[in-house]
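Participant: Just need the structure, nothing else, for what follows:
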Amino acid sequence: MEQLIKTFEPEFHKNYLLYVLNKKLPSSQNSMDTNRSVLMYFALSGLDILGEIENLPKERKRSIIKWIYSLQIVNKEELVSGFQGSPTLNTRTNKTGNTSYKWSHVANTYACLSSLLILGDDLSRVNKQAILESLETLQLPDGSFKGAKEGVENDMRFVYCAACICYILDDWSAINIERMIEFILNSISYDGGIGQGPELESHCGSTFCAIASLALSNNLDRLTKAQFVALRRWLLFRFDRGFNGRPNKPVDTCYSFWTGGALKILDSYDFIHDQFNAQFVLLTQDRYGGFSKWVNIVPDPMHTCLGLAGLSLMEFDGLEEMNYELMLTKRTFEHLRRVQEKMK
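Facilitator: You can find the predicted model right below:
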């Protein structure tokens, strides 16, 4: 590998992620307060990739696990079970009932389940049946999924979250897999990439979500040879000394995983030149820790986590290997396997 422009500083990133996990939100992330479970997931996942989860004090792990379970909603009448993003909008007036602000959301449910696994929890307190019953109501006739009961979008992001939830809980009975596959195949664009839905612009984020969902449900072979070749070509063309998410857009740290992970699933990652991608990702490394979207931009938890995940795909020393489809480390994935064995 060529001489890198910057030196990778894992200790700085550990400190940044611990700050995100343990301290108050910085003002730049105040708008994320209602989705603290997602920020928590990015922090924990980044620490997991760094191999630092085992260094968290046991009491701190227990307190985080307790907080996550406090977000669990079990409501079989209104079918809104799952996990909230945070308790911020729990008020005196909605304390005894459910409102749109107290309903679960599939992204938060995915984030909370993943975080519990990263922390070594056995998911024994997860109300699996309630989650699956509510998840079933979120699938639309076209095969896509809404994020929550009302007032939200439906697109490929939530298809992926639903697929991850089913995979983690080891139960696909709550969704119509065939309709999900049809939605994914109908979202393949003329250029070979995959959009958030049919006739929408191809995007590497939605492309990853689509092919990861196919892989998780053992349906990657539903892509025809022509679709596979066109998809691989479109993804490889996103490389420009770093990955962009769409044609004619600048390279961005998060696509080191979204695009790189998609290529890994398709067994096509070796066609790109790692050293150029690594140089770009390291250029977005902040001097105090964390990765940003672009060079000289304030870092954030998502790009830090995905930057580390992207470097893991490049087999950087000291970073845990990834299970690409679930966006978890192989260490956590092996724990999931043990948990699933006990579920049977």
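
Participant: In contact with the residue nearest to Lys128 when sequence neighbours are not counted, which residues?
Facilitator: Nearest non-adjacent residue to Lys128, counting by C-beta to C-beta, 6 or more residues apart in numbering: Leu169, 5.2 Å away. C-beta here means a position set from N, CA and C on the backbone, and glycine is covered the same way. Leu169 sits next to 113, 123, 126, 128, 131-132, 343 when contact means C-beta atoms under 8 Å, 6 or more residues apart in numbering.

Participant: Include pLDDT when you put these into a markdown table, please.
Facilitator: Formatted as a markdown table, those follow (pLDDT from 0 to 100):
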| residue | pLDDT |
| --- | --- |
| Leu113 | 98 |
| Leu123 | 97 |
| Val126 | 97 |
| Lys128 | 97 |
| Ile131 | 97 |
| Leu132 | 97 |
| Met343 | 82 |
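
Participant: Return the closest of those residues with respect to His335.
Facilitator: The nearest member of those to His335, counting by C-beta to C-beta, is Leu123 at 10.1 Å.

Participant: Give the burial count for that closest one, as a bare number.
Facilitator: Neighbour count of Leu123, defined by other C-beta atoms under 10 Å: 16.

Participant: Same check on Ala148?
Facilitator: Neighbour count for Ala148, taken as other C-beta under 10 Å: 22.

Participant: go on, Ile177?
Facilitator: By the criterion of other C-beta under 10 Å, Ile177 has 16 neighbours.

Participant: Let the chain start at 2 from now.
Facilitator: All set: I'll call the first residue 2, so the last point we hit is now Ile178.

Participant: and the gap between it and Gly246?
Facilitator: Using C-beta to C-beta, to the nearest Å, Ile178 is found at 27 Å from Gly246.

Participant: quick one on the thing from earlier: any of the contacts of Leu170 buried? List them.
Facilitator: 114, 124, 127, 129, 132-133 (16 or more other C-beta atoms under 10 Å).

Participant: Can I get those in a markdown table including secondary structure?
Facilitator: As requested, these are arranged in a markdown table below (DSSP: H, G, I helix; E, B strand; the rest coil):
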| residue | secondary structure |
| --- | --- |
| Leu114 | helix |
| Leu124 | coil |
| Val127 | coil |
| Lys129 | helix |
| Ile132 | helix |
| Leu133 | helix |
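
Participant: What is the nearest of those to Phe277?
Facilitator: Distances from Phe277 to the buried ones among the contacts of Leu170, taken by C-beta to C-beta, are shortest for Leu114, at 35.2 Å.

Participant: contacting residues around that closest one?
Facilitator: Contacts for Leu114 were tallied using C-beta under 8 Å, 6+ apart; they are 84, 124, 127, 165-166, 169-170.

Participant: Try it again at 6 Å.
Facilitator: Taking C-beta atoms under 6 Å, 6 or more residues apart in numbering as the contact definition, Leu114 lies against Ile169.

Participant: List the buried residues of the host helix or strand of Ser115.
Facilitator: Secondary structure assignment for Ser115, by DSSP states H and E: helix 107-119. Neighbour counts over helix 107-119 (16+ other C-beta under 10 Å) mark 107-119 as buried.

Participant: Ok, stretch 250-264 next?
Facilitator: Counting neighbours by 16+ other C-beta under 10 Å, one finds that the buried residues in stretch 250-264 are 252-264.

Participant: likewise stretch 174-189?
Facilitator: Neighbour count says stretch 174-189 has 175-176, 178, 181-186, 188-189 buried, by 16+ other C-beta under 10 Å.

Participant: cool, and stretch 284-294?
Facilitator: Residues of stretch 284-294 classed as buried by neighbour count (16+ other C-beta under 10 Å): 284-287, 290-294.
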